[in-house]
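Asker: what's the 3D shape of this:
(chains A and B)
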Number of protein chains: 2
Amino acid sequence: MPLIDGRPGDRIACADRGLQYGDGLFETISCRDGQPRWLPLHIERLRTGLRRLHLPFREFDALQGEICTLASGQERCLIKLVVTRGTATRRGYAPSGAERPTRIVSRHEWPASGAQTSGFRVGVSDVRLGVNPLLAGLKHLNRLEQVLAQMQCVDAGLDEVLMLSASAHAISGSMSNMFFADQSGLFTPELRECGVAGVMRRVVLRSAAAAAIPIQVRVVSSSELLGVHEVFLTNVRLGIQSVSRLDGRTLASDDYAQRLRRVIDETNA
Amino acid sequence: MPLIDGRPGDRIACADRGLQYGDGLFETISCRDGQPRWLPLHIERLRTGLRRLHLPFREFDALQGEICTLASGQERCLIKLVVTRGTATRRGYAPSGAERPTRIVSRHEWPASGAQTSGFRVGVSDVRLGVNPLLAGLKHLNRLEQVLAQMQCVDAGLDEVLMLSASAHAISGSMSNMFFADQSGLFTPELRECGVAGVMRRVVLRSAAAAAIPIQVRVVSSSELLGVHEVFLTNVRLGIQSVSRLDGRTLASDDYAQRLRRVIDETNA
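Answerer: Next up is the predicted model:
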């Protein structure tokens, strides 16, 4: 049973602004040996989102306690948390300021289909990500673009799809961030226009910096994808997942992925 | 008490995809003398949205019955309906196909702050609408852009804000559609990039065509706003609402608005 505002429950008010407008944020946290991994990074991203949405949630101690309670005793699981602006106190898009944020913490089984050593087959979605710098980077509840992209991905029998922005920049997978390597080295899209700034992306960037492996964070045009020889994707469930096929083209290399996995394992990052 | 899947209730599963991803649609219906107005247009837009989101909702007879039940006996009220893809049957953005859509029908008091004869003061929001042709026109549950724009609007003491697309086209208000007049006549933004295709907008376009009042539906660049001498906005609550100030500039004319209001009243459109 999930915890809603600290109490076991699985239902929320249908007037909650999370449902009405997607007015909220979420995090998906990987747990191992009874402990949430990278919890400070999740909380930091949540705080960034709350600030940018002007969402006055303050129950961080209770929230972290609930996450740890649900993780306790579990060898592996995922914990999802959702924070919304709360039940609407009046009609219309503008909050009244009198809402009390809702927090939902739920535990989910670790999925059977974990990292594939064989490498992911990745296509390019024709669902583009709308450009909105005010929302870029946040893991907010407005996820219809990802839903449509994932529907296509499943229909096409692919493991993931790369999403471009409306301005034709490569941004991310539908449920992951992406890293690319060509002769110039390793690079990953900046996320100022759109996309989610993933916790695993951050772990990879931090670990690479510590190990002196340069990674450029920059605008990536879709035409650059033709020249890449290695691609991997990241999220907290998959870790670093090598891509074996991108848009029908076979990618032979996974050198960077192996090296970065080693760095992260060794430093327990 | 709202009706949820036909039964009185005010709570939904926190695993509903409407909350988790904004995976659903809504309608706000104006009711007068116990009857929903323009119900066929609302249902038609809902059907368009369902088709484009591949959301297999089919309970239209039940839904319309519930709307009429809640409207019955009310002199004036608003009815909001929300249709989501339903409770998630597995984790992740892709639906399993086994979800059963959720429908929520709720009645709301007619707001005290109705149409203002004095004219609305309208600013230009710096919250841009992300371009996404796959979602453009739909009244879906991903509304964070409108939430942020309305927060600004309220803070600035304005009645409404005009929103531009990321590509700097004028699109709509945060909770309304907009019509403009300059020497060339009346025009309103096309909504192929973003924006909501409002029911009142449709009523105005249809009534204007019947009365041989030409309205161009086209791309409107933000620079054109400097040359307009009349602006009005539309939604089913406000009807046709004249704008007296746009971005600090006074607009003296409301000729088109008056004429179109008359046409709609006379034809009971």
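
Asker: so where do the strands sit in the stretch 101-250 of chain A?
Answerer: Along the stretch 101-250 of chain A, the stretches classed as strands by DSSP state E, counting those that start in this stretch are A:102-109, A:120-124, A:160-164, A:170-173, A:177-182, A:185-189, A:215-218, A:230-235, A:239-246, A:249-250.

Asker: quick one: the second one to strand A:177-182, angle?
Answerer: Same thing as strand A:120-124. Strand A:120-124 and strand A:177-182 are oriented at 90 degrees to each other (axes from the mean of the first three to the mean of the last three Cα atoms, to 10 degrees).

Asker: let me know the outermost residue of chain A.
Answerer: Computed with Cα atoms, centre = their mean, the residue of chain A farthest from its C-alpha average is residue A:90, at 31.6 Å.

Asker: by proximity to chain B, which residue of chain A wins?
Answerer: residue A:130 (2.3 Å; Cβ to the nearest Cβ). Using the backbone N, CA and C atoms, a C-beta is placed for each residue, glycine as well.

Asker: could you list the low-pLDDT ranges of the stretch 151-269 of chain A?
Answerer: For the stretch 151-269 of chain A, the stretches flagged by pLDDT under 70 are A:269.

Asker: quick one: name the residues of it near chain B.
Answerer: A:151, A:153-154, A:166, A:174-175, A:194 (Cβ under 8 Å from any Cβ of the partner chain).

Asker: helices - which of those residues land there?
Answerer: Judged by DSSP state H, these include A:151, A:153-154 as members of helices.

Asker: what is the nearest of those residues to residue B:247?
Answerer: Checking these against residue B:247 with Cβ to Cβ, the nearest one is residue A:151 at 40.1 Å.

Asker: thought that closest one was touching residue B:94?
Answerer: Yes - using Cβ atoms under 8 Å, residue A:151 is in contact with residue B:94, at 5.8 Å.

Asker: please name the nearest non-neighbouring residue to residue A:60.
Answerer: What sits nearest to residue A:60 in space, not counting adjacent residues and going by Cβ to Cβ, 6 or more residues apart in numbering or on different chains, is residue A:43, at 6.6 Å.

Asker: gap between residue A:57 and residue A:87?
Answerer: Plainly put, residue A:57 is 14 Å away from residue A:87 if you go by Cβ to Cβ, to the nearest Å.

Asker: wait, I meant residue A:106
Answerer: For residue A:106, the distance to residue A:87 (Cβ to Cβ) stands at 19 Å.

Asker: sec struct for residue A:43, please.
Answerer: Following DSSP: H, G, I helix; E, B strand; the rest coil, residue A:43 is assigned to helix.

Asker: circling back: who's in contact with the residue farthest from the centre of chain A?
Answerer: Taking Cβ atoms under 8 Å, 6 or more residues apart in numbering or on different chains, we find residue A:90 in contact with residue A:96.

Asker: over to residue A:27?
Answerer: By Cβ under 8 Å, 6+ apart, the residues touching residue A:27 are A:42, A:45-46, A:80-81, A:139, A:199.

Asker: give me the element it is part of.
Answerer: Using DSSP states H and E, residue A:27 maps to strand A:24-32.

Asker: name the residues of that strand that are buried.
Answerer: By 16 or more other Cβ atoms under 10 Å in any protein chain shown, the buried positions in strand A:24-32 come out as A:24-31.

Asker: and stretch A:144-163, by the same measure?
Answerer: Neighbour counts over stretch A:144-163 (16+ other Cβ under 10 Å) mark A:144-154, A:158-163 as buried.

Asker: again, but for stretch A:50-62
Answerer: For stretch A:50-62, a neighbour-count test (16+ other Cβ under 10 Å) marks A:50, A:52-53, A:55, A:57 as buried.

Asker: pLDDT of it, averaged?
Answerer: Stretch A:50-62 carries an average pLDDT of 98.

Asker: run through who's touching that stretch.
Answerer: A:6, A:23-25, A:43, A:47, A:49, A:83, A:85, A:101, A:103, A:134-135, A:138, A:140, B:144, B:147-148, B:151.

Asker: report the contact partners of the residue nearest to the spatial centre of chain A.
Answerer: Residue closest to the mean C-alpha point of chain A, counted by Cα atoms, centre = their mean, is residue A:198 at 4.3 Å. Neighbour list for residue A:198: A:172, A:176-177, A:234-236 [criterion: Cβ under 8 Å, 6+ apart].

Asker: dump these to JSON lines, plus distance to residue B:225.
Answerer: Shown next, in JSON lines, are those (distance: Cβ to Cβ, whole Å):
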{"residue": "A:172", "distance to residue B:225": "35"}
{"residue": "A:176", "distance to residue B:225": "41"}
{"residue": "A:177", "distance to residue B:225": "38"}
{"residue": "A:234", "distance to residue B:225": "43"}
{"residue": "A:235", "distance to residue B:225": "43"}
{"residue": "A:236", "distance to residue B:225": "45"}
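
Asker: now the residue nearest to residue A:128 when sequence neighbours are not counted: how far from residue B:72?
Answerer: Spatial nearest neighbour of residue A:128, chain neighbours left out: residue A:166 (4.8 Å); criterion: Cβ to Cβ, 6+ apart. Going from residue A:166 to residue B:72 by Cβ to Cβ gives 45 Å.

Asker: more neighbours: which of the two?
Answerer: Neighbour totals were compared for residue A:166 and residue B:72, and residue A:166 leads with 21 against 11 (other Cβ atoms under 10 Å in any protein chain shown).

Asker: just checking, the more buried one touches residue B:131?
Answerer: Yes - under the criterion of Cβ under 8 Å, residue A:166 is in contact with residue B:131, at a separation of 4.3 Å.

Asker: joint contacts of the two?
Answerer: Counting by Cβ under 8 Å, 6+ apart, the common neighbours of residue A:166 and residue B:131 are A:128, A:130-131, B:166.

Asker: just these now: which is nearest residue A:249?
Answerer: Among the shared contacts of residue A:166 and residue B:131, residue A:128 lies closest to residue A:249 (Cβ to Cβ), at 21.0 Å.
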